[in-house]
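> I'll drop the sequence and a predicted model, then ask my questions.
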Amino acid sequence: MDEKGLSNFFENYLKKDSIFLNKGVLQSTYTPGEIPHREEQIKQIANILAPALRMERTSNIFIYGKTGTGKTVCVKHTAQKLEEVAKQNNIKLKIVYVNCKLSKVADTEYRLIAQLVREFGKEIPPTGLPTGEVYQIFYKTIEEERQRIILILDEIDQLVNRASDILYNLTRINAELKNAQISIIGISNNLVFADNIDPRVKSSLSEEELVFPPYNALQIQDILSQRTKKAFRQDALEQGLIEKCAAYAAKDHGDARRALELIRVAGELAERNNEEKVPIKYLDLAEEKIEKDRITDTIMTQPQQFKATLYAALALDKGKKTILTGDIYDTYKQICSKTGIRPLTQRRVSDIIAEFDMLGIINAKVISKGRYGRTREISIAMPAQIEGKIRETLAKELGA
DNA sequence: CCTCCACCGGAACGTGAGGAGT
DNA sequence: ACTCCTCACGTTCCGGTGGAGG
């Protein structure tokens, strides 16, 4: 493109009507005014929380459901309304929302409590203090302010190490407080999580329990049409796109977040290709792109040792039928000596393999081969074209 | 039915980088 | 200067194990 062509391109870009009116409506950070098909859950949450307005203690709530079933959005929405009413009536009520998954922010006991204290405007160093002292500061702060607090802990299953201890301490706090009071709303994606926590913690945390079921296709359709009305220009979607997208998402565990992402990315692709409308067939492209971006992104942000391990697995995937932990470790060691990376022990590499499994980059299954031992059987869980690309990139980066 | 492989996976501990308080 | 803290990342040590082959 020559210089004139380039300015023309930008001129045209500016003049062109966007397919989108407001893309933000499709992003997961957006909180819609109305939440379809969750009236029942919202009512329940509201019922449980309402006593806070009379300065009574509210029950702790434990909420679980899979990703994209509207847990966070419902809780935030209800809490927000409650806080507004409290404010209008001069009731001291504070809602604190913490996402425990945010690494380096709230994923350990120390950091979680430190984050809470920060919500009250006090500074806590990122490390250095004993955890007990941070608790003390926290107690003192809320005691002084005579606060009622509703603490929303999103994705509590992501707390590393013993989540039990942290939750135990938090649920026990009330016994130590005279003027303040805390209620906890715990949100978890992981249904198994509930079984793994200390039964004492479990019982006090889930004084009330709520389950968010997955949305079905029709419900996702409603959500999509509600949001797309605001997000897209009128008639920007090809007939049947919403239905198709909803069907996709419903098949895939009723995840509304995924449905919204799918339709957003499809829109972006259509816009980039100067389409008038978003064609249905772009949903497939969008799905591909999302998956590809996810994989590339997670891999490229891994530390070097992880990359080396993955590269070993990818190298073996060419031609071999089954890959075992031992195979990977051998190849890994070869790669290390070739590239000058300090080799880790097999124990560690085994953990790294397990982590890639959790990230969905590879599949690892523990199998027994009888006489010939017990090991993990590993397969690569990514589309072939991407796999080739990744292998090249890793080879270049590692110098192998 | 027993054995024994090739790992699995829990636990304790070490190191070194962040930092606090005295 | 010194002791004490958290936390990421690893190592060392070791008991545990499903099932093919004897």
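All right, it came through fine.
> counting by contacts, list what the helix or strand of chain A with the lowest mean pLDDT packs against.
For chain A, using mean pLDDT, DSSP states H and E, the weakest element among its helices and strands is helix A:193-196, scoring a mean of 74. Contacts defined by 3 or more CB pairs under 8 Å, 6 or more residues apart in numbering; DSSP states H and E place helix A:193-196 against strand A:61-65. The way it works is simple: take the backbone N, C-alpha and C, and place the C-beta from them, glycine included.
> list the buried residues of the strand it packs on.
Buried residues in strand A:61-65, defined by neighbour count with 16 or more other CB atoms under 10 Å: A:Ile61, A:Phe62, A:Ile63, A:Tyr64, A:Gly65.
> give the contact list for A:Val278.
A:Ile19, A:Phe232, A:Ala236, A:Leu237, A:Glu238, A:Leu241, A:Ile263, A:Ala266, A:Gly267, A:Ala270 (CB atoms under 8 Å, 6 or more residues apart in numbering).
> next, count neighbours for the residue lying closest to it once chain neighbours are set aside.
Closest residue in space to A:Val278, ignoring its immediate chain neighbours: A:Ala270 at 4.3 Å, by CB to CB, 6 or more residues apart in numbering. Neighbours of A:Ala270 under the rule other CB atoms under 10 Å: 22.
> residues from the stretch 1-150 of chain A in reach of DNA strand C?
Counting by CB under 7 Å from any atom of the strand, the residues of the stretch 1-150 of chain A lying close to DNA strand C are A:Ser103, A:Lys104, A:Asp107, A:Thr108, A:Glu109, A:Tyr110, A:Arg111, A:Thr127, A:Gly128, A:Leu129, A:Pro130, A:Thr131.
> of those residues, which are in range of DNA strand B?
Answer for these near DNA strand B (CB under 7 Å from any atom of the strand): A:Thr127, A:Gly128, A:Leu129.
> okay, and which of the contacts of A:Val278 map to helices?
Here DSSP state H is the test, and the contacts of A:Val278 give A:Leu241, A:Ile263, A:Ala266, A:Gly267, A:Ala270 as lying in helices.
> who's in contact with the third one?
I take that to be A:Ala266. A:Leu241, A:Cys245, A:Val278, A:Tyr282, A:Leu283, A:Leu285, A:Ala286.
> and the buried ones among the residues you listed, selectable in ChimeraX?
Filtering these down to the buried ones (16+ other CB under 10 Å) takes a single ChimeraX command:
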select /A:241,245,278,282,283,286
